[in-house]
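Engineer: Curious how this folds, go ahead:
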Amino acid sequence: MNQFGVCLLDLPDELLLIILKKLSNTDVLYSLLNIDDERLDILAKEKIFSNILDFVSFDPMSSIDRFKLKHFCIDILPKIHENVKYFILKPEFVLPYLTNGSPLRHIFQEQITHLILVNHDKDKLTELSNNYTVDVYERILKFFKNLKHLNIIGSVKMSNPYLSLVGLPPNTFHSSILTYLSIDMCSLDDCLYLLDGRLKQLTTLNDNLPHMTCFSLKCDFRINLYDTNLLPLFRRMSNLEKLTLYLRIKDQDRFVDGTLLQNEILVHMPHLHWFTFYICTYINTDGLQDQLSSEDIQRIFTNIEQHHVVNIINHSSCEEITCSVFSIPFTFDHLEDIGHMIPNIRFNYVTYLVVRDVISFNREFFIQLARAFPLLMTLRIFNREPQSCQFTDSQSYEIAKYPHLTYLDIRCGNDYIEQFLNETKTYVPCLTKLRVVYNNLRIVTNNFTRKETRRNCAKIKQLLIFSPLTEEIPILWPIGGR
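Structural biologist: So this is what the prediction gives:
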């Protein structure tokens, strides 16, 4: 056979399918349907290419992509509508088709059971959350009558508008069949409203949540409703199998430790077999009666057969003690308010870290920190004590390497700015945003002329400076000394 005479249609179906699977489903459908070849038409209509349709790569501002989407709606979807079950798209694409006269009405209302909305419309972040909830989220949930799985995500953290239910009628955002929901909410109160019975397969009108088997609650901000709202909620989840908690609890007179978790939460969940958690308790030192050590907390978890647990007790300020308890491996991307004691584990998923302590951070601390957090992108440092040093002048220093760090916020003295901007101490090749006290920065960089600080500052594009007497001022770097 003449090898130069072989074309795509000479290949057997098995090889054609292997090739087509390398392409996106939308590309296969757009390229092969309606080209007047029955064989390719049949292959393109295979369920593997039409069950899940991903339109996220389409740009709503592109006339070409708008034409392609229109072609899909008018010519392609009617031919494969029986197979379509799963859509991945942007809200701005789907909203114009949520009408009774839409050519996609039947597919949306009767067939779509899974929907992922990739929502990073930054222009909508300033819109009132209640308005966006009614105009977008409520409208989508009402129109997709057979929707069981709804996942709304942003392209970057906190870039998608929140779901807000406080102040809205109780029948807002309700469904009798939705079983899975992933969405950012405006507050903990909105989460509690969501579980008040409006989602029948997630909750019921009585004091129980019998259908819920998987629950995840992540609150980056501090909350003070643990005893009054969260504990009663957890006790209603009698059939829960998987539980994920990320909580920062303030205004407590006791630590949330292993005994509390066992006696007040886990005992009500007999079917629980997967528990991933990070719980940080903030306690005022004035109200702390008993001193609880890390060994005490670890012994409690060992007693309840929860062996893969790490705990850290830290004096975050003179008036406050924090107790962080978490399961390992640590699967969250945020970690806040740890102190000078770093556990001997790797936090492979953490990209945002806040360190705070009344004890100074020495140079060895930042070396250990770099090893423990290999993917760190944002680091905020709070410490009033000058940096201590465990090395002598005759010792060779290891350089702390933060290869992914892009944002550094240093709320402390000259020593810590010196630690990170001096290339002989720290390697930060991707640093683009720096927040510091101006006078401290001026001193460390010798009025922005010091050679040792130039390399780590070379890529900084945004400099946020503040002082006790002035407001924070954004400045574009570099400034002088280049």
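
Engineer: quick one: terminal-to-terminal distance for stretch 383-402?
Structural biologist: End-to-end distance for stretch 383-402, by C-alpha to C-alpha, to the nearest Å: 20 Å.

Engineer: Oops, could you answer that again for stretch 168-188 instead?
Structural biologist: 15 Å.

Engineer: for stretch 237-245, same thing?
Structural biologist: Here the two ends of stretch 237-245 are set 14 Å apart, with distance taken as C-alpha to C-alpha.

Engineer: quick one: buried residues of that stretch?
Structural biologist: Using 16 or more other C-beta atoms under 10 Å as the burial criterion, the residues of stretch 237-245 that qualify are 237, 240, 243-245. For the C-beta atoms, the positions are set from N, CA and C on the backbone; glycine is no exception.

Engineer: same deal with stretch 255-266?
Structural biologist: Those would be 255-262, 264-266, for stretch 255-266 by 16+ other C-beta under 10 Å.

Engineer: Likewise for stretch 309-318?
Structural biologist: For stretch 309-318, the neighbour count (16+ other C-beta under 10 Å) marks 309-317 as buried.

Engineer: In helices only, show me the buried residues of stretch 255-266.
Structural biologist: Filtering the buried residues of stretch 255-266 for membership in helices, criterion DSSP state H, returns 258-262, 264.

Engineer: count of residues packed around the nearest residue to Asn414 once chain neighbours are set aside?
Structural biologist: Counting by C-beta to C-beta, 6 or more residues apart in numbering, the nearest residue to Asn414 once its immediate chain neighbours are dropped is Asn440, at 5.0 Å. In terms of burial, Asn440 registers 19 neighbours under the definition other C-beta atoms under 10 Å.

Engineer: Asn440 against Asp415, yeah?
Structural biologist: No: under the contact definition of C-beta atoms under 8 Å, Asn440 does not touch Asp415, with a separation of 9.3 Å.

Engineer: wouldn't Thr26 be in contact with Phe55 here?
Structural biologist: Yes: with contact taken as C-beta under 8 Å, Thr26 and Phe55 are classed as touching, separated by 6.4 Å.

Engineer: residues shared between the contacts of these two?
Structural biologist: Here Thr26 and Phe55 share the contacting residues Phe72, scored by C-beta atoms under 8 Å, 6 or more residues apart in numbering.

Engineer: circling back to that earlier point, out of the ones in helices among the buried residues of stretch 255-266, which comes closest to Lys451?
Structural biologist: When these are compared for distance to Lys451 (C-beta to C-beta), Gly258 wins out at 52.2 Å.

Engineer: Tell me if I'm right that that closest one and Val325 touch.
Structural biologist: Yes: because the distance of 7.5 Å satisfies C-beta under 8 Å, Gly258 is recorded as touching Val325.

Engineer: How much space separates the closest residue to Leu40 other than its chain neighbours from Glu46?
Structural biologist: Here the nearest residue to Leu40 in space, its sequence neighbours aside, is Leu32; by C-beta to C-beta, 6+ apart that works out to 4.6 Å. Here the distance between Leu32 and Glu46 works out to 11 Å (C-beta to C-beta, to the nearest Å).

Engineer: For the two, indicate the residue with more neighbours.
Structural biologist: Leu32 (20 against 17).

Engineer: mind listing what that one touches?
Structural biologist: Remark: with contacts taken as C-beta under 8 Å, 6+ apart, Leu32 is in contact with 20, 40-41, 43-44.

Engineer: before we move on, the earlier item: farthest-apart pair in the buried residues of stretch 255-266, please.
Structural biologist: Of all pairs drawn from the buried residues of stretch 255-266, the greatest distance, 16.3 Å, lies between Phe255 and Leu266 (C-beta to C-beta).

Engineer: Check which helices and strands the helix or strand Leu408 falls within sits against.
Structural biologist: Using DSSP states H and E, Leu408 sits in strand 407-411. For strand 407-411, the helices and strands in contact under the criterion 3 or more C-beta pairs under 8 Å, 6 or more residues apart in numbering; DSSP states H and E are strand 378-382, helix 414-421, strand 433-437.

Engineer: Select, out of the ones you listed, the one closest to Thr406.
Structural biologist: Closest to Thr406 of the helices and strands packed on strand 407-411, according to C-beta to C-beta: strand 433-437, at 6.3 Å.

Engineer: buried stuff in the helix or strand that the closest one is followed by?
Structural biologist: With elements assigned by DSSP H and E, the helix or strand that comes after strand 433-437 is helix 438-444. For helix 438-444, the neighbour count (16+ other C-beta under 10 Å) marks 438, 440-441, 444 as buried.

Engineer: likewise stretch 15-27?
Structural biologist: With burial defined by 16+ other C-beta under 10 Å, the residues of stretch 15-27 counted as buried are 16, 20, 25-26.

Engineer: Export the residues you listed to JSON lines and append columns for pLDDT.
Structural biologist: Supplementary listing: these in JSON lines, determined by pLDDT from 0 to 100:
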{"residue": "Leu16", "pLDDT": "82"}
{"residue": "Leu20", "pLDDT": "83"}
{"residue": "Asn25", "pLDDT": "83"}
{"residue": "Thr26", "pLDDT": "85"}
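
Engineer: In helices, which of the residues you listed appear?
Structural biologist: Counting by DSSP H, the buried residues of stretch 15-27 place 16, 20, 25-26 in helices.

Engineer: how about those in a markdown table, adding distance to Trp274?
Structural biologist: Written out in a markdown table, the entries for those read as follows (distance: C-beta to C-beta, whole Å):
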| residue | distance to Trp274 |
| --- | --- |
| Leu16 | 41 |
| Leu20 | 37 |
| Asn25 | 32 |
| Thr26 | 35 |
